[in-house]
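1. One predicted model, sequence on top.
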Amino acid sequence: MIKKILFTSFLLVLILCSCADDIPSSKSTVNFQVDTIPIFNYFDQPAFENDTLPKLLDEIGICGKVASEDGNIYECSPKNYKFFKYNNSIPWSEGFGLEIRATVDGFPLRRFILFERVNGKLAKVRGFVANLAEMHTTPSGFNDLMLLFPDREAGSFVVKYVYDKEKKEYNYQSLEAIDGYPVKKERKDSLSNVVLQRLHENQMFF
């Protein structure tokens, strides 16, 4: 209990003093204009946008055939699953992000999973107890992912994942906001480490 109180007090101080006032530099080493891609997380589409997507759900065996741990069989439909492209040059069949609606499989929160085709088979490469908040375009073609993680004491954390071309995977980079309050640049390093540890403790990865 004392640990929770201290953590909550610590976060309140951070929120009050972490509002961003940084001015982006007009100088850049590359002539690339970063675009923000807004994300709409509603599961309200009547059908998937193309015929490939339900086939991918069938391939990974995530729904529609076998009863989950809660005894239910969840429909492979846009009511429960939403696809995202993290790189427009990669075909759907080779890699995608998949968001799963809360309560599917009896799990109370939303989940976001990255799949890639590895040795001919689609495999989960990253899993988060979070939802995709937005994406930022990059020169590499792999969008930066802004993921929103719920937290009982803080409200929520928005963190950035960036693609490492050498390791060929997405990795945690920084904390961007606490409960909707942007974090100042000079505080990001220390706070990012604290929040990453917090996410690990709360088992927000799988």
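-> The structure has been received and is ready for your questions. Numbers count the residues shown, from 1 in each chain.
2. List the contacts of the most centrally placed residue in the chain.
-> Computing the C-alpha centroid of the chain and ranking residues by Cα atoms, centre = their mean puts Leu147 first, at 3.4 Å. Contacts for Leu147 (Cβ atoms under 8 Å, 6 or more residues apart in numbering) come out as Phe112, Phe128, Ala130, Asn131, Leu132, Ala133, Val158, Val159, Lys160, Tyr161. Any C-beta I mention is one placed from the backbone N, CA and C, and that applies to glycine too.
3. pLDDT at it, what is it?
-> pLDDT for Leu147: 98.
4. Using the three-state scheme, assign it.
-> What DSSP: H, G, I helix; E, B strand; the rest coil gives for Leu147 is strand.
5. and the gap between it and Leu196?
-> 12 Å (Cβ to Cβ, to the nearest Å).
6. what residues are shared contacts of those two?
-> Common neighbours of Leu147 and Leu196 are listed as Val159 (criterion: Cβ under 8 Å, 6+ apart).
7. Val195 is in what secondary structure piece?
-> helix 188-201 (DSSP states H and E).
8. scratch that, Gln173
-> Gln173 is part of strand 169-178 when elements are defined by DSSP H and E.
9. now what about that strand, what contacts it?
-> With contacts defined as Cβ under 8 Å, 6+ apart, strand 169-178 is touched by 11, 14-15, 18, 86, 114, 125-126, 142, 144-146, 154-164, 182-183, 188-189, 191-192, 195-196.
10. Among those, which ones are in strands?
-> Using DSSP state E, 114, 125-126, 144-146, 155-164, 182 are the members of the contacts of strand 169-178 that sit in strands.
11. Mind checking which of these are buried?
-> Leu114, Arg126, Asp144, Leu145, Met146, Phe157, Val158, Val159, Lys160, Tyr161, Val162, Tyr163 (16 or more other Cβ atoms under 10 Å).
12. How about the third one, nearest residue that isn't a chain neighbour?
-> Spelled out, that is Asp144. Excluding its sequence neighbours, the residue lying closest to Asp144 (Cβ to Cβ, 6 or more residues apart in numbering) is His136, at 4.2 Å.
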